[in-house]
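1. generate a structure from the sequence data that follows.
(chains A and B)
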Amino acid sequence: MLGRVANTIYWMNRYLERAENYARFIDVNYNLSLEMPPDEEQQWKPIVVITGDWELYKSLNTKVSKSKVIYFLAFDEKNPNSIYNCIQKARENARAIRPEITKEFWEQINALNYLVKAGLENKCHKENNLREFFTNVKNGCQLLYGMYDATISRNEGWHFGKLGQAIERADKTSRVLDTKYHLLLDSPNEVGSSLDLIQWSSLLKSVSAYDMYRKKYGKLTSASIAEFLILDTEFPRSILACLIRAEQSLITLSGSSFGFSNSAQKQLGALKSQLEYTAINEIISGGMHEYLDDIQKKLNGISTAVYESFFTIENQIAT
Amino acid sequence: MPKLDFSAYETKGFYDEMFDENNNVRPNYKLFLERLQKMSPKKLSTLQHSTDRAQLSLGMTFNVYDDNQGVERILHLDIIPRIIDNKEWTHLERGLQQRIKALNLFIQDIYNDQKVLKDKIIPKEIIFSSISYLKELEGFKPPKDIWCHITGSDLIKGGDGQYYVLEDNLRCPSGVSYMLENREILKRTFPELFEKLGVKSVYDYTHILRDTLESLTDAENPTVVVLTPGIYNSAYFEHSYLAQQMGAELVEGKDLIVQNEIVYIITTNGLKRVDVIYRRVDDEFIDPLAFNKKSVLGTPGLFNAYLKGNVVLVNAPGTGVVDDKAVYAYIPRIIKYYLEEDMILPNVKTYICDEEQDRKYVLENIHNLVVKQTDASGGYGMLVGPKSTKKEQQEFIEKIKHNPRNYIAQPMINLSRVPTITDENTIEGRHVDLRPYALYGDDIKIIPGALTRVALKKGSIVVNSSQGGGSKDTWVLNH
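-> Numbering: from 1, shown residues only, chains lettered A, B, ... in the order given. This is a model prediction of the structure:
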């Protein structure tokens, strides 16, 4: 497989995952805001912070309001990570690697692209029924995940796609937890109060974790939630589960399952082991924010190493 | 519910493919018309709209040159097909086979023995002054002596009901993906008619294409790639479509590397040798070492690897000389010279501005003629005399006087028309041309179908997609 093509598949999957996560963040936050005291800044600033684009937001907007945040995250062409831009880029990547994907996948990604364009044209962010739009984006992305798994052969390209998806997913889960965890612990609401419960539930729902969490732990506690989202090995959006998934693909792509044969495999294996042999109370006592920040940095390092190990020309000519 | 009504349909002054001069339906369209007449205008409009949607979801888009990068448009597909009966098709088929055979012999000759020049069939200045003539190829013979593996000639039908060849496209003819996808869409629009009418299938095009490409190398399990300029190219949809349908790797120039005169693709597992390149990049841009030094679309050393016989390029470089519109004028003589046969499909009468007598005629009659730049395509660099202003005519007179080699002129041909759905949801005749596709492997195969391009604007005869043209599916009947 061409290095350029592998890189394009990798990023196509990352963009789709990012778009789906954003759609969920907005939807959950919108739902939450209906039942919360009317302080728009307090409610909407955190989700911009989660995405890591707070500085960009400030440079484009003078104040924080619901419609401005939704516009920024969903449609703003000046935000490289907005849903609109992610879907555009995912579709453009799909177009560039059309022979690697199936007709079903291609037609669905076109449909999703038109859905998002129509959303922008119809000024969805100003509507009251905007939840329908975000539900459609979420469903559209999830349909693509399904088609990716159900119609594409488990070849090299597929594994690069899964690798990209897993890394993006781990990053997003860590960011949601990082931002919300502190806000909630520091919040003036009484622990266990109904507002407190709504907030913790919404954190779980932001990463589609509510149902599976309840099934496993029942009661909502901050430590269990953190444990579930960081260290669970079975829930597909927990950071550790994403790393396990990423490693499976990386082993197939590298051709060796003992130790490592390239820098990406080395870094990913080290991070996975770190999480495997850590308990949640150690993370909490050592500082949640520092721990998650370190994970995000390591994920970036892994992504760079994947690029250098597989996608660049220099590496290929040397071998 | 009112039904579609053709009583006001206008055929005067032009050859109409559906109706004769007395407004009687031609036999090849009889069943189709019956189907249309059972339909309400609303139903027709619904069918047309679902076609537009199907094209969007298939991503059948093209980028327009001079447009912003990334701006994609759909090539409008009109659902009323062009229908050709078997007798007419057999004639076209024979004519194209004859023409392509002769042109291939001609290209081999001008790069090798140059007999055609020594025998003064065509002035050698015309060949040597053509920007598409590649001196580097002198003495070179491609595998199996085939130069033009893929051809998509443009044909038109005049007011006399005769087909004429308007242009030969021997470089990188495009549009075949639209022929194939248009067919898939129309099979959903009029499923019952395909069976009833007996329409020949075009389905195996990509299979024959793959076989043709593989037949040019001795390598076992050859690596075949499609070389594209990239996603901003106007024909990118087609490049990716053909690669995907053929199971070939789609590559850009930067994905290839030449080492020791062998071409490789750069893969995630190292380098892999390439045997055949179906390139959709023009000669000028394939190799910055050999041609345009500024080209970023090409691969350094590619042309040299080709000359050494280590990789096959399809079509061969250097075929563009036939696309030169000044060479076109000599094709009747070229066919006679190589095959000792009369031309089956005639050329359009062509005035060569480089010849004094012709030039005089062109300058005096420019308002009645279509003037074309010899090295341009896509409807660019062209003057349609009867539809032009005095000022535009004067501009072309100056251009011709300044560089006569660069221009030819042809009488204005009244292109035939096919009923077409207008924006107002009425049906009116619109001018069309015909681009059938030929593959030259062990023999010359003409795929029984074509891209029919249609000038959507009323009265217009410019069918190019970049200039407001659309397309129609082309049905070749079994009988």
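2. what's the separation between A:Ser222 and chain B?
-> 43 Å (C-beta to the nearest C-beta, to the nearest Å). C-betas here are computed from N, CA, C, even on glycine.
3. test my guess that that residue contacts A:Ser187.
-> No - in this structure, A:Ser222 is not within contact of A:Ser187 by C-beta atoms under 8 Å, at 11.1 Å.
4. more neighbours: which of those two?
-> Neighbour count, other C-beta atoms under 10 Å in any protein chain shown: between A:Ser222 and A:Ser187, A:Ser222 has more, with 17 against 14.
5. and the more buried one, how far from A:Ser256?
-> Using C-beta to C-beta, to the nearest Å, A:Ser222 is found at 40 Å from A:Ser256.
6. now do A:Lys297
-> 26 Å.
7. then A:Arg24?
-> From A:Arg24 to A:Ser256 the distance is 36 Å (C-beta to C-beta).
8. these two - which one has more neighbours?
-> Using other C-beta under 10 Å as the criterion, A:Arg24 and A:Ser256 rank with A:Arg24 on top: 21 against 11.
9. list the contacts for the more buried one?
-> By C-beta atoms under 8 Å, 6 or more residues apart in numbering or on different chains, the residues touching A:Arg24 are A:134, A:138, A:205-208.
10. for the stretch 151-300 of chain A, which residues are neighbours of chain B?
-> A:156, A:160, A:253 (C-beta under 8 Å from any C-beta of the partner chain).
11. neighbours of the first one, how many?
-> Residues near A:Glu156, counting by other C-beta under 10 Å, number 20.
12. that one touches A:Gly255, doesn't it?
-> No - the criterion here is C-beta under 8 Å, and A:Glu156 misses it with A:Gly255 at 10.8 Å.
13. break down the stretch 51-200 of chain B into its helices, ranges please.
-> Applying DSSP state H, counting those that start in this stretch to the stretch 51-200 of chain B gives helices spanning B:86-111, B:115-118, B:124-128, B:176-189, B:191-197.
14. other residues contacting the second one?
-> Going back to what we said before, that points to helix B:115-118. B:106, B:109-110, B:122, B:124, B:127, B:334, B:337-338.
15. same check on stretch A:185-195?
-> Residues contacting stretch A:185-195 (C-beta under 8 Å, 6+ apart): A:36, A:196, A:199, A:222.
16. next up, phi/psi of the closest residue in space to B:Pro2 that isn't next to it in sequence, please.
-> Closest residue in space to B:Pro2, ignoring its immediate chain neighbours: B:Ser40 at 6.2 Å, by C-beta to C-beta, 6 or more residues apart in numbering or on different chains. Backbone torsions of B:Ser40, given as degrees, to the nearest 10, read phi -90, psi 160.
17. measure B:Ser40 to chain A for me?
-> 28 Å.
18. residue contacts, residue 227?
-> Assuming you mean chain A. Contacts of A:Glu227 (C-beta under 8 Å, 6+ apart): A:Ile280.
19. you answered for a different chain; I wanted chain B.
-> B:251-253, B:256, B:277-281, B:286.
20. correct me if wrong: A:Thr135 contacts A:Asp27.
-> Yes - in this structure, A:Thr135 is within contact of A:Asp27 by C-beta under 8 Å, at 6.8 Å.
21. which intervals of the chain have sub-threshold pLDDT?
-> Since no chain was named, I'll use chain A. Residue ranges of chain A with pLDDT under 70: A:190-192, A:313-319.
22. switch to chain B, please.
-> For chain B, the ranges with pLDDT under 70 are B:1, B:64-71, B:377-379.
23. pull up the residues of it that are close to chain A.
-> B:56-59, B:70, B:230-231, B:236, B:240-241, B:243-244, B:247-252, B:254-255, B:257, B:265-271.
24. pop the domain breakdown of the chain in here.
-> Just so you know, I chose chain A. According to automatic domain parsing, chain A comprises the domains A:1-152, A:155-319.
25. my question was about chain B
-> B:204-314, B:349-412.
26. how near is A:Met288 to B:Asn24?
-> When A:Met288 is compared with B:Asn24 (using C-beta to C-beta), they lie 84 Å apart.
27. next, the contact list for A:Ser303, please.
-> Taking C-beta under 8 Å, 6+ apart as the test, what A:Ser303 contacts is A:Ile167.
28. are we agreed that it is in a helix?
-> Yes - under DSSP: H, G, I helix; E, B strand; the rest coil, A:Ser303 falls within a helix.
29. related to what we said a few turns ago, just give me the closest of the residues of the stretch 151-300 of chain A next to chain B to chain B.
-> A:Glu156 (6.3 Å; C-beta to the nearest C-beta).
30. can you count the residues close to the residue nearest to B:Ile146 when sequence neighbours are not counted?
-> Among residues not flanking B:Ile146 along the chain, B:Tyr440 sits closest, at 5.4 Å (C-beta to C-beta, 6+ apart). As a burial measure, B:Tyr440 scores 22 neighbours (other C-beta under 10 Å).
31. and if you look at A:Glu35?
-> 11.
32. so is it in a helix, a strand, or just coil?
-> Per three-state DSSP, A:Glu35 ends up coil.
33. wait, it sits on A:Gln199?
-> No - with contacts counted by C-beta under 8 Å, A:Glu35 stays clear of A:Gln199, the gap being 9.9 Å.
34. ok, now which ones touch B:Ile127?
-> B:110, B:117, B:133, B:321, B:327.
35. now do the last one against chain A, distance only.
-> When you say that, I think you mean B:Val327. 36 Å.
36. contacts only, for the residue nearest to A:Phe133 when sequence neighbours are not counted.
-> In space, and not counting its chain neighbours, A:Phe133 is closest to A:Cys124: 4.6 Å by C-beta to C-beta, 6+ apart. By C-beta under 8 Å, 6+ apart, the residues touching A:Cys124 are A:74-75, A:130, A:133.
37. just the buried residues of the residues you listed.
-> Buried by 16 or more other C-beta atoms under 10 Å in any protein chain shown: A:74-75, A:130, A:133, out of those.
38. nearest to A:Thr304 among the residues you listed?
-> A:Ala74 (28.3 Å; C-beta to C-beta).
39. still on that earlier bit, out of the domains of chain B, nearest to B:Asn478?
-> Across these, closest to B:Asn478 is domain B:204-314 (C-beta to C-beta), at 15.7 Å.
40. gap between the two ends of the closest one?
-> Length of domain B:204-314, first residue to last, C-alpha to C-alpha, to the nearest Å: 19 Å.
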